[in-house]
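K.L.:
Provided below for reference: sequence and predicted model.
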Amino acid sequence: MSDREIDLQLVERVREGDKRAYGLLVEKYRRKLLRLLSRMVRDPDEIEDIAQETFIKAYRALPQFRGDAAFYTWLYRIAVNTAKNYLSARGRGMQTVSDQALNDEDEPDERLMAQDLGTPESELLSKQVAYAVNEAVEALPEELREAITLREIEGMSYEEIAEAMACPIGTVRSRIFRAREAIAAKLRPILGTSEDRRW
């Protein structure tokens with residue numbers, strides 16, 4: 001039985017009054033949802049609040065869940081909208097990748113840096129590449145930034161991204177292609193690659 005089928009069975013059990021089944025869905029997706037929200041919000045307490053609000057909204061909206069999309073895709077949409085509303089109510093925008101990539105010492109996050117080969121030159125190149133990628137992603141229009149983040153960071157398939165962003169799969173492919181082209185253009189001067197090569 002696939003994950004999607006298991007989720008649909010759990011949703012049916014919740015609709016029949018089994019609250020423990022919803023607890024299983026929360027347990028299954030809590031860490032993934034927190035990781036997603038940490039890409040949008042910096043404060044850990046706010047992340048927890050938004051995650052809790054997302055699960056409450058999802059529980060209340062379960063009667064409207066038709067199963068056309070995977071449960072996590074549906075939950076993802078609720079989480080992003082909840083985060084946007086939460087931050088807009090506090091007069092703040094969503095955090096970009098470059099905001100996340102800088103820690104207190106203004107050093108790139110290790111997850112976003114190229115592999116460190118140990119030499120000062122490779123460390124400098126790694127930092128330059130990380131900053132260039134982050135700048136390029138930050139400069140992208142929101143729909144391109146969201147598509148490339150879902151693909152490259154969340155690891156979602158094109159079909160899942162299309163469901164999450166409520167657009168045709170061709171649009172997703174186009175957005176990801178355009179995002180990759182913009183990132184490649186920013187990396188070419190650093191990596192010394194020609195116009196006809198992406199990386």
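P.N.:
Right, received. Where do you want to start?

K.L.:
just checking, what's the longest helix in this structure?
P.N.:
helix 169-191 (DSSP state H).

K.L.:
So which bits of that helix are buried?
P.N.:
By 16 or more other C-beta atoms under 10 Å, the buried positions in helix 169-191 come out as Val172, Arg175, Ile176, Arg178, Ala179, Arg180, Ala182, Ile183, Ala184, Lys186, Leu187, Arg188. (Glycine included, C-beta is placed from N, CA and C.)

K.L.:
what does stretch 131-150 give?
P.N.:
Here stretch 131-150 shows 131-134, 136-137, 140, 144-150 as buried, counting by 16+ other C-beta under 10 Å.

K.L.:
again with stretch 33-47
P.N.:
Applying 16+ other C-beta under 10 Å to stretch 33-47 flags Leu33, Leu36, Leu37, Arg39, Met40, Val41, Glu46, Ile47 as buried.

K.L.:
Checking the fifth one next. Helix, strand or coil?
P.N.:
Counting by DSSP: H, G, I helix; E, B strand; the rest coil, the backbone at Met40 sits in coil.

K.L.:
those helices in the protein, which residues are they?
P.N.:
3-15, 19-38, 44-61, 71-89, 97-101, 120-139, 142-152, 158-165, 169-191.

K.L.:
Which secondary structure element of this protein has the lowest mean pLDDT?
P.N.:
helix 97-101 (a mean of 39; mean pLDDT, DSSP states H and E).

K.L.:
picking that back up, now pLDDT and distance to Tyr22 too, for the buried residues of stretch 33-47, in a markdown table please.
P.N.:
Below are the buried residues of stretch 33-47 laid out as a markdown table (pLDDT from 0 to 100; distance: C-beta to C-beta, whole Å):
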| residue | pLDDT | distance to Tyr22 |
| --- | --- | --- |
| Leu33 | 91 | 14 |
| Leu36 | 84 | 19 |
| Leu37 | 87 | 19 |
| Arg39 | 77 | 25 |
| Met40 | 78 | 24 |
| Val41 | 82 | 24 |
| Glu46 | 90 | 23 |
| Ile47 | 91 | 21 |
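
K.L.:
State the mean pLDDT of stretch 185-192.
P.N.:
Averaging pLDDT along stretch 185-192 gives 79.

K.L.:
So what's the gap between it and the chain middle?
P.N.:
From the chain centre to the centre of stretch 185-192 is a distance of 25 Å (C-alpha atoms, centre = their mean, to the nearest Å).
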